[in-house]
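**Q** compute the structure for the input listed below.
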Amino acid sequence: SWGWSDPQTQKEYVLMGLDDGTGFVDISDPEKPIFLGKLLSATSNSIWRDIKVYNDHAFIVSEAENHGLQVFDLKNLRGVDGRKTFEPDATLNTFGNAHNIAINEDSGYAYVVGTSRADDYNGGVHFIDISNPTSPNEVGGYGGDGYTHDAQVVNYIGPDSDYNEKEIFVGSNESKLVFVDVTDKENPISISSIDYENVAFTHQGWFTEDQKYFILGDEADEIERGGNTRTIIIDVTDLDDPKVYHFYYSPTPAIDHNGYVKGDTFFLANYTSGIRIIDISGISEKEINLLKDLSDSYESLFNKRSQLFKKRNLKNIKAIKMDVNKLNLDSHFDRIISIEMFEHLRNYKSILSSLSSLLKDNGKLFIHIFCNKEITYLYEVRHDLDWMTKYFFLGGIMPSKDIFSYFEEDLIVTKQWDVNGVHYSKTSRGWLEN
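**A** Model (predicted):
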């Protein structure tokens with residue numbers, strides 16, 4: 001999702017990515033949001049859709065097949081008082097699916113990333129001239145560093161005088177951060193790249209206002225490596241030689257997703273612990289402090305679920321939100337049931353050991369898994385057709401049906417049932433068709 005503030009009416013709007021299009025919500029009164037309608041997806045449905053704004057126009061991409069770029073004049077929202085289906089004001093079809101779009105408002109260019117790995121730029125970046133928003137024009141691209149998942153592009157004002165007034169592209173490229181001079185769209189020049197310890201999936205980041213540091217998030221390190229939410233601070237005072245400067249750890253092990261800088265404040269959104277508002281005014285001294293934690297809104301969801309159990313007189317059920325990597329429960333149990341959890345994990349040994357410690361004597365663990373009949377393999381996106389990994393299991397593994405026989409240090413397999421996967425097959429085909 002993204003936002004737009006109408007310069008004429010001062011109304012504020014949320015531009016929300018939906019599976020079947022883009023929704024528009026008037027949040028001028030945040031306690032009484034008004035859904036105004038939607039712009040339907042250009043082709044099929046997809047749970048991946050990204051929106052950015054330039055010159056009062058929304059620019060929309062999606063991982064839906066052959067979606068291309070949609071342009072919508074946000075001034076069309078003025079005076080709308082009921083649910084409406086909108087039409088795009090322009091489209092561009094020089095690319096098909098895309099994961100994300102970045103816009104440099106100072107240059108009037110959009111940068112479409114996460115396209116097909118088989119295209120001219122290897123899933124890297126397409127350069128789009130949007131100086132006239134309703135006549136977008138592709139003018140080049142760059143794929144020298146492979147697939148780009150997300151990006152920020154700026155007119156450089158930082159401390160490295162070699163790049164004064166240059167347009168710099170910073171791409172989060174799965175296993176590394178890349179810096180490219182894109183001033184000349186016909187001749188982009190690679191500047192440098194950097195990785196870091198315990199890399200899992202280099203996801204997204206943002207410059208500090210003075211462009212001395214780049215604050216980066218890795219989407220999968222908490223899952224694959226463990227530990228609390230990690231934010232990586234990159235020293236970019238020399239763009240030719242960026243260096244890892246510092247790691248900041250949030251108080252929970254939630255997966256971080258997107259982070260943005262405004263002034264001396266870093267706003268970090270997380271999958272299961274809301275938003276963290278972080279003071280970075282002392283970043284040059286490695287003094288980074290949590291100002292506000294808005295995770296209570298997520299905790300209340302689980303409290304409401306507990307209240308639902310009470311309304312149904314289910315007094316022996318309690319809902320608890322907890323990271324399975326760090327189970328800390330006071331109770332012990334006769335039975336523990338895991339439903340389709342292990343497909344999302346790789347650290348089977350430590351998880352099984354932890355679950356074993358929570359069982360009473362003669363207790364039993366029941367595990368239901370989606371599995372392959374014979375082989376085990378990592379869920380890693382290898383190509384554009386690898387939708388199962390991309391949409392559901394990134395960071396996990398496809399287990400074989402006998403996988404638990406290899407982890408019998410703490411628990412022993414005593415019985416196993418094999419169920420035909422025909423229903424999963426029908427579900428999968430239904431997803432693909434819709």
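**Q** tell me the helix or strand right after the longest strand belonging to the chain.
**A** Longest strand in the chain by number of residues, with DSSP state E as the criterion: strand 359-368. Remark: after strand 359-368, the chain's next helix or strand is strand 377-378, criterion DSSP states H and E.
**Q** what about that following strand, average pLDDT?
**A** For strand 377-378, mean pLDDT is 84.
**Q** direction included, what does the longest strand of the chain pair up with?
**A** Counting by DSSP bridges, the strands paired with strand 359-368 are strand 333-339 (parallel).
**Q** which stretches of this protein have low pLDDT?
**A** Counting by pLDDT under 70, the ranges of the chain that qualify are 295-319, 321, 383-385, 387, 391, 431-432, 434.
**Q** what ranges do the helices span in it?
**A** 221-224, 296-311, 348-357, 387-388, 422-433 (DSSP state H).
**Q** work out the gap between the last one and the centre of the chain.
**A** Average the C-alpha atoms of helix 422-433, do the same for its chain, and the two points are 25 Å apart (C-alpha atoms, centre = their mean, to the nearest Å).
**Q** and it, C-alpha only, in CSV?
**A** Provided in CSV are the C-alpha atoms of helix 422-433 (Å, rounded to 0.1, in the frame of the first residue of the first chain):
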residue,chain,number,x,y,z
VAL,A,422,-5.4,-35.3,-4.8
HIS,A,423,-7.2,-32.5,-2.8
TYR,A,424,-4.0,-30.4,-2.6
SER,A,425,-3.6,-30.9,-6.4
LYS,A,426,-7.2,-29.6,-7.0
THR,A,427,-6.5,-26.6,-4.7
SER,A,428,-3.2,-25.8,-6.4
ARG,A,429,-4.9,-25.9,-9.8
GLY,A,430,-7.6,-23.7,-8.6
TRP,A,431,-5.1,-21.1,-7.4
LEU,A,432,-3.4,-21.2,-10.8
GLU,A,433,-6.7,-20.8,-12.6
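**Q** show me what that helix is packed up against.
**A** Contacts defined by 3 or more C-beta pairs under 8 Å, 6 or more residues apart in numbering; DSSP states H and E place helix 422-433 against helix 387-388. (Glycine included, C-beta is placed from N, CA and C.)
**Q** what residues are up against the residue nearest to residue 85 when sequence neighbours are not counted?
**A** Spatially, and ignoring its direct neighbours in sequence, residue 85 is nearest to residue 37 (5.9 Å; C-beta to C-beta, 6 or more residues apart in numbering). Counting by C-beta atoms under 8 Å, 6 or more residues apart in numbering, residue 37 touches 23, 24, 80, 82, 83, 84, 85, 86.
**Q** now the strands for the stretch 51-200 of the chain?
**A** Assigned strands in the stretch 51-200 of the chain, in chain order: 57-62, 69-73, 84-86, 90-92, 100-104, 109-113, 125-129, 137-142, 150-155, 167-172, 177-181, 189-194 (criterion: DSSP state E, counting those that start in this stretch).
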